[in-house]
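Asks: need the 3D shape of this:
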Amino acid sequence: VSATFMAGGLAGVCNWMVAIPFDVVKSRYQAAPPGVYRNLMHVVRELIQHEGVGALFRGLSPALIRAFPANGACLAGVESARTLFSHYS
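Replies: Numbering: from 1, shown residues only. Alright, predicted model coming up:
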């Protein structure tokens, strides 16, 4: 179970490291009042121009802190249930 937990945790961390810039852009677009941004690329341009590339990774730390235990537990639970069910099928 510990290797499975680690695998799930690391998978969750890798996922968020790739996904967080897209999530930041989506959240900025959704939270902006109507008319502030024309499209998602406009959000990216404005964000990088005014706040720098690092702004695309804002919120990464809390996401990673949550992702490791959450994804580790999820994968461990799925694999434990799969093992349990395979014994009774």
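Asks: okay, which residue is most central for the protein?
Replies: Note on the chain: the residue nearest the mean C-alpha position is Trp16, at 3.2 Å, using C-alpha atoms, centre = their mean.
Asks: residues in contact with that residue?
Replies: Trp16 makes contact with Leu60, Ala63, Leu64, Ala67, according to C-beta atoms under 8 Å, 6 or more residues apart in numbering. Heads up, the C-betas are built off the backbone N, CA and C, glycines and all.
Asks: please apply the same query to Val43.
Replies: Each residue near Val43 by C-beta under 8 Å, 6+ apart is listed here: Val25, Arg28, Tyr29, Ala32, Tyr37.
Asks: quick revisit: so for the residue nearest to the centre of the chain, what's the pLDDT?
Replies: If you check Trp16, the pLDDT there is 97.
Asks: Gly72 is in contact with Ala3, isn't it?
Replies: No: in this structure Gly72 lies outside contact range of Ala3 using C-beta atoms under 8 Å: 10.4 Å.
Asks: out of those two, which sits in the more crowded spot?
Replies: Gly72 (22 against 9; other C-beta atoms under 10 Å).
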